[in-house]
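Asks: heads up, no residue letters with this:
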């Protein structure tokens, strides 16, 4: 293998080495992900069906499961160059602290103001909206990473950005809100009086603090009823996985430079945007039979779509207005116990990743919240970076795998995705420090109940 | 000059290109900065005088004004490699938005969890404390950047870290506090019952929310009365400027690679740690007559040490227990109007920078707070990075100089220091967005009053 002495702490790429195309893993899948269905007719959604909601070019990417590569437009490449390549780090200090013979690498996506990988797709979606001559876009945000990323991207391209932020987050995370305002976005606490669905919910539940499902419904209504607007989404969709493939492509180029081949690839999984992006080119090799990798999706024990969900058609949103997707799901009515990894609290999973998991190309595991924060703290104290709770799910399993190597003496190479920083999650760390963090796991009965309500599809 | 097409957005250095020595600008100064004086005897402080307070190796660095280079110990280099080299960015998008022929570069120090350049010196100070066999260090923190950086450094080297945090910040910035706790630091709101000076102040002023001066006094008392502890400080001192020279050295290596020579170098100035570090190697060339640069220190109009202060001996702290330093000062009793750039609210200035300014090697200018935040927002919306209020002082003047070039048509090359991110300063941005930010500037009478109380030194 490679000469270890030569491997730097940070493997960096020159601008000329950065990917110029995104990779569409669906092109190499024998079993394609099942199509989105119209919730009324149960027929596959056509481009025309999607046109009132999404941008035209993004619909093309969403529906295309045969083209392996899409050129990254030059203007997007310019913006990528301001914060990418993201560093691929060798975790020398963590390895030393663990006393493991394993070699641990992580791809760190937190070095931009949105604090996470979300900007990779936000830039693409804002760019295509501008190209289409649109005036603005709408979206929802919970924890605020996606809303922040989209606000930044819209300010770069001179596009209006309307964010519906779950009211409880709007009030409890004023910092996130102010970052979005700095980028010129209009941020509305949801439910609001601005939309029909918002007014209806407020009339029925005057004191509600909102939900992601409601914010999605408001954002979609606003986009479809306002001239020159479309709706954009930061996870789950195939187009998002396509844009996020830049994470995996950069990782692979960097590792290849030093002749490093990971044995295990680990990513946290909520809707799948980070995991799908990180593993794309490696999964491509695996699908084509060119290489083998052990790939592990890590989800919170409080929201275990892969490990305890059902592979079936379900609504993408709790409001049941969005298309049906075939995926691992806990039921669109499932409400996960409070968990500080807001980005992983989604009842379903990317259709692409669901199909790959169903076909045995990857594993999944779930981890408890306090175990995750223990790993986060150990990582911060050795590697310096304060990780987001979401990312720390991957750290937990990377550490566990490295400790197994310590027992067996195996020098495995581990790669994991460090999706972002935890600067806006310090309330969660405070709870952890004060021993007030809960580890609730849903019972079999709870899951059976919500899964029993899946829609019927032939 | 250089071929512009070849200059990337981000000029990056390989590990092998990173500096292996710090540069001590005092070695090239004909007029050395005046020595620190013992406040009781008014005699120069010796190494023995300083030994109860500071680490031995750091005292050597503090007092040495002839050795031009100090080797960076290998272990510190290892940690530098986890977050350095910091990127030297070409502000292509800002230039385009301004429509200026000027070429703008900035050295971005915010890509580490402490969020600023402070980590560069924290690592060095923690390392030398550990080498000396100490058990721990104490310090004070106001806004929290320095406390965070020191907490990280101490966790790396297995050193206890005791931070006295101004009580009002402790209560209003719980996130900063939690970051420090994540790194294992003990954080105490100051004034506290743990020290004699704290108990005295609490007895006299039961409702006080604390001050930096009081926190310094508590930290010094704790260090000097606890076995195996020393006190460390994040700015003003010569040793800090020495460690921070890594900023300027990296900048110069990166620019030299592309044959770029800055015409103007701009940095914000509070105690001088960032400015001193950024300009060091350029100032060295200027002092040796090898090159000329226009160097501009930018300070807040609310705390104008250079532009409206007096060059004289003064106390470094408001408690008047620390040594006297000859510097530009507003008087140790001067209390600046509330300003959101906490890192720039210091009554004095580095003795080295003070001497250089006095001898005409650099200029200084002061800027108003709302003008600073306007520049910060414009920068965020074009370059993406959300800047710290401190850093935004330099952005303001860089933009102003670039706009002058637009008028004159000159293609000047501007380099400025972007010291950190503003993630923990969103209350300040909120005030700006809501039009509630004040622009108070001290009157001549106020300044004359506080300057009239300087200590008498022959």
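Replies: Received, thanks. None of the values given here were measured: they were computed from a predicted structure. Residues are numbered from 1 along each chain as shown, chains lettered A, B, ... in the order given.
Asks: gap between the closest residue to residue A:342 other than its chain neighbours and residue B:118?
Replies: Spatial nearest neighbour of residue A:342, chain neighbours left out: residue A:143 (3.4 Å); criterion: C-beta to C-beta, 6 or more residues apart in numbering or on different chains. Every C-beta, even on glycine, is put in place using the N, C-alpha and C of the backbone. For residue A:143, the distance to residue B:118 (C-beta to C-beta, to the nearest Å) stands at 28 Å.
Asks: that older thread, the residue nearest to residue A:342 in helix, strand or coil?
Replies: Three-state assignment for residue A:143 (DSSP: H, G, I helix; E, B strand; the rest coil): coil.
Asks: same deal with residue A:188?
Replies: Under three-state DSSP, residue A:188 falls in the strand class.
Asks: now do residue A:364
Replies: Applying three-state DSSP: residue A:364 is strand.
Asks: which ones are touching it?
Replies: By C-beta atoms under 8 Å, 6 or more residues apart in numbering or on different chains, the residues touching residue A:364 are A:269, A:296-299, A:306-307, A:357.
Asks: show me the strands in the stretch 251-400 of chain A, by range?
Replies: Per DSSP state E, counting those that start in this stretch, the stretch 251-400 of chain A carries strands over the ranges A:264-268, A:294-300, A:310-315, A:324-329, A:363-367.
Asks: can you tell which of those is closest to residue A:252?
Replies: Among those, the nearest to residue A:252 by C-beta to C-beta is strand A:264-268 (10.3 Å).
Asks: quick check, distance from that closest one to the centre of its chain.
Replies: Here strand A:264-268 is found 13 Å from its chain centre; the criterion is C-alpha atoms, centre = their mean, to the nearest Å.
Asks: so it versus strand A:363-367, what angle?
Replies: 50 degrees (axes from the mean of the first three to the mean of the last three C-alpha atoms, to 10 degrees).
Asks: what's strand A:264-268 packed up against?
Replies: Contacting strand A:264-268 under the criterion 3 or more C-beta pairs under 8 Å, 6 or more residues apart in numbering or on different chains; DSSP states H and E are the following elements: helix A:273-287, strand A:294-300, helix A:389-408, strand A:413-418.
Asks: could you point out where chain A is predicted with low confidence?
Replies: Flagging of chain A using pLDDT under 70 yields the residue ranges A:1-5, A:319, A:339, A:458.
Asks: centre-most residue in it?
Replies: Nearest to the mean C-alpha position of chain A, by C-alpha atoms, centre = their mean, lies residue A:273 at 3.3 Å.
Asks: excluding its backbone neighbours, what's nearest residue A:58?
Replies: What sits nearest to residue A:58 in space, not counting adjacent residues and going by C-beta to C-beta, 6+ apart, is residue A:239, at 5.0 Å.
Asks: for that neighbour, grab phi and psi.
Replies: Main-chain dihedrals, residue A:239, degrees, to the nearest 10: phi -60, psi -40.
Asks: what residues are up against the residue of the stretch 351-458 of chain A found nearest chain B?
Replies: Using C-beta to the nearest C-beta, the single residue of the stretch 351-458 of chain A nearest to chain B is residue A:426, 3.9 Å away. By C-beta under 8 Å, 6+ apart, residue A:426 lies in contact with B:174-175, B:178-179.
Asks: ok, and the most crowded of those residues?
Replies: When neighbours are counted by other C-beta atoms under 10 Å in any protein chain shown, residue B:179 leads those with 27 neighbours.
Asks: number of residues surrounding the nearest residue to that one once chain neighbours are set aside?
Replies: Of all residues not flanking residue B:179 in the chain, residue B:148 sits nearest, at 5.2 Å (C-beta to C-beta, 6+ apart). Each residue near residue B:148 was counted by other C-beta under 10 Å, and the total is 29.
Asks: I'd guess residue B:148 is in a helix, am I close?
Replies: Yes: counting by three-state DSSP, residue B:148 is part of a helix.
Asks: could you pull up the residues touching residue A:249?
Replies: A:19, A:22-23, A:280-281.
Asks: same check on residue A:427?
Replies: A:172, A:340, B:175, B:178.
Asks: what parts of the stretch 151-300 of chain A come near chain B?
Replies: Contacts of the stretch 151-300 of chain A with chain B, taken as C-beta under 8 Å from any C-beta of the partner chain, map to A:152, A:155-156, A:174-175, A:178-179, A:181-184.
Asks: of all those residues, which two lie farthest apart?
Replies: A:156 and A:174 (24.0 Å).
Asks: and for the nearest residue in space to residue A:160 that is not next to it in sequence, the neighbour number?
Replies: For residue A:160, ignoring the flanking residues on the chain, the nearest one in space by C-beta to C-beta, 6+ apart is residue A:136 at 2.9 Å. Per other C-beta under 10 Å, the neighbour tally for residue A:136 reads 20.
Asks: could you do residue A:453 as well?
Replies: Using other C-beta under 10 Å, residue A:453 has 12 other residues around it.
Asks: for it, phi and psi?
Replies: Dihedral angles of residue A:453 (phi, psi; degrees, to the nearest 10) stand at phi -100, psi 20.
Asks: rewinding a little: was I right to think the residue nearest to the centre of chain A contacts residue A:246?
Replies: No: using C-beta atoms under 8 Å, residue A:273 makes no contact with residue A:246, being 11.6 Å away.
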